[in-house]
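> Okay, structure incoming, though there's no sequence with it:
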């Protein structure tokens, strides 16, 4: 078998644009994806920061089809396909694999809490069994602050033993470097690709043998983050990392999805980009003001985003 | 307008039976619902303890249709219709109202955490606006230990002001009597019906003017719970309550959905009742043993459940 091309470097959970009536705007989403690809950032659409869990299954399927039909590179796609209900996860994952996506990012079922590793193992196993496609590459999605259902080291071990090759890696959004480090030491040598959940951990992850990062703020700062992933062995790597962190902090201290959408709306000149779906809300005027002043202070731009 | 018949007394989040292949078994569900109705317990199917969040939208729609087609009383139905994504909540709620359900029990969108009251208000408002049916009666579902998204007193107040009549009540599964008490004092006098989330709070809720309880363990102990709701002003009410609590504790100290399913499997003589969908798992042998011994110790039975 030919060496497979695996995901690496930087991916972004692409923001989902909505129309005034709150329906998704596929055309704007395609544009954002093209801009990210032109900045060497892969497409982890349907992530947490994509408001994907506010989209119905049909909406996700339809957007996925639209992105593929637009000619965006499927090998750079890692759609989020983990839903509350395993049957939905199966349908969405199966379609992503059929369309050639290079992987899927899979949340555990997240409504019930205090779950056993055995229960989560069975959920993933059921999806793998029903998708029944050797091309399936699952990146586990560990995001305990939001999902409140952790992916433990024990669970990873159980899954890797049973489904080597299919279980391809993880996005660690725990925000806990000790956890990322444990995964890097224990599983990366087995070819299990560890992605940091945000770029403040990018350099440490790469220096420890990890694959890169999948980060929300790559929606607004793609080029600089991708540059660090490409040049992390250069002397200026720590300086680059410090620059990334400055931008990150501006967004992170505000409601982040709303702040990133406000920035895209501003720099693209397309006001509807600032719309969020309930239960999320847009920035207040004061927050918007704070964001714009902070971005101007550091001379922030988003080249190529404007019409 | 004629006085409307509102939900009151005891309802149960009906357990969902699955076949060996993990598909839902509509026939067994209908049977369980008939048994509950014969014990004077209303049908809050698609609740947390129904594993509803492990069912796809299509599966829920299809089971709803089957229950109505079976001739079960729609005025005693309060299906859970709150999904992660507002478009799904709209579709399911609309269908429930069209079919004549006496109300719906609505979780807030529960993936994103740390939400604002304004964001949750907008989510409920969008559903009400899109369902666009005067017959809609929404019972809010407050279950912070699981959903991790609370329904605050402020949010209830906002919703009641904007949608009086439509916002009909709440199930309080916080397990915090002070919270239930605050809702009873502040909102029950406005005709907002407060249901305790489990029967240990039933008598206190009724004595404080509340509407009843919506409790998982009504799946296994329906008659005794409904009897207390019907006779709570009698002298033996505290004694009845103590009896209910003894049964509740047996189930509550085990993984509760699995324990209730094991009990239904045993007393109905139908083994597939013990199947759960991932990410939940059935009882271990030791847990099963503990349950059966405890039930035998108190001479527990489920009359009328057997074939």
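Here it is on my side, so go on. Because the structure is a prediction, the values reported are computed rather than measured. Residues are numbered from 1 along each chain as shown, chains lettered A, B, ... in the order given.

> Mind pulling up the pLDDT for residue A:307?
Residue-level confidence at residue A:307 comes out at 63, pLDDT.

> Surely residue A:141 is within a helix?
No. Counting by DSSP: H, G, I helix; E, B strand; the rest coil, one finds residue A:141 to be strand, located in no helix.

> burial count for it?
When counting by other C-beta atoms under 10 Å in any protein chain shown, one arrives at 28 neighbours for residue A:141. All C-beta spots, glycine's among them, are computed from the backbone N, C-alpha and C.

> helix or strand right after the strand or helix carrying residue A:213?
Assigned by DSSP states H and E, residue A:213 belongs to strand A:212-214. Next helix or strand after strand A:212-214 toward the C-terminus (DSSP H and E): helix A:222-231.

> That following helix - contacts with which helices or strands?
Secondary-structure packing of helix A:222-231 (3 or more C-beta pairs under 8 Å, 6 or more residues apart in numbering or on different chains; DSSP states H and E): strand A:9-12, helix A:202-207, strand A:212-214, helix A:237-252.

> Quick one: closest of those to residue B:27.
Between residue B:27 and those, the tightest spacing by C-beta to C-beta is seen for strand A:212-214, at 44.6 Å.

> Contacts for that closest one next, please.
Here strand A:212-214 makes contact (C-beta atoms under 8 Å, 6 or more residues apart in numbering or on different chains) with A:7-13, A:44, A:47, A:78, A:105, A:171, A:195-199, A:201-202, A:205-206, A:225, A:229.

> Excluding chain neighbours, give the residue nearest to residue A:41 in space.
residue A:222 (4.2 Å; C-beta to C-beta, 6 or more residues apart in numbering or on different chains).

> what's near enough to touch that neighbour?
Here residue A:222 is in contact with A:10, A:12, A:35-36, A:39-41 (criterion: C-beta under 8 Å, 6+ apart).

> just to revisit the earlier point, can I get the helices and strands packed on helix A:222-231 in a markdown table including mean neighbour count?
Listed next are the helices and strands packed on helix A:222-231 as a markdown table, based on neighbours: other C-beta atoms under 10 Å in any protein chain shown:
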| stretch | mean neighbour count |
| --- | --- |
| strand A:9-12 | 28 |
| helix A:202-207 | 20 |
| strand A:212-214 | 29 |
| helix A:237-252 | 16 |
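
> and the residue most central in space within chain A, what are its phi and psi?
For chain A, residue A:13 is the residue whose C-alpha lies nearest the centre (C-alpha atoms, centre = their mean; 3.4 Å). Dihedral pair for residue A:13: phi -70, psi 100, per degrees, to the nearest 10.

> wait, it sits on residue A:50?
Yes. Using C-beta atoms under 8 Å, residue A:13 is in contact with residue A:50, at 5.0 Å.

> if I look at the nearest residue to residue A:135 once chain neighbours are set aside, how far off is chain B?
In space, and not counting its chain neighbours, residue A:135 is closest to residue A:97: 5.4 Å by C-beta to C-beta, 6+ apart. Per C-beta to the nearest C-beta, to the nearest Å, residue A:97 is found 19 Å from chain B.

> Doesn't residue A:97 lie inside a helix?
Yes. Counting by three-state DSSP, residue A:97 falls inside a helix.

> mind listing what it touches?
A:104, A:131, A:133, A:135-136.

> Which of those has the largest number of neighbours?
Within those, residue A:104 tops the neighbour count with 27 neighbours, counted by other C-beta under 10 Å.

> Beta-bridge partners for it, please?
Taking DSSP bridges, one obtains residue A:138 as the residues bridged to residue A:104.

> Next one: it from residue A:85, what distance?
16 Å (C-beta to C-beta, to the nearest Å).

> what does residue A:296 give?
From residue A:296 to residue A:85 the distance is 45 Å (C-beta to C-beta).

> Those two: who's more crowded?
residue A:85 (25 against 9).

> Can you report how many residues lie near the closest residue to the more buried one other than its chain neighbours?
Spatial nearest neighbour of residue A:85, excluding adjacent residues (C-beta to C-beta, 6+ apart): residue B:56 at 4.8 Å. Residue B:56: 20 surrounding residues under other C-beta under 10 Å.

> how close does the nearest residue to residue A:70 once chain neighbours are set aside sit to chain B?
Leaving aside its sequence neighbours, residue A:70 sits nearest to residue A:30 (C-beta to C-beta, 6+ apart; 4.5 Å). From residue A:30 across to chain B, the span is 21 Å (C-beta to the nearest C-beta).
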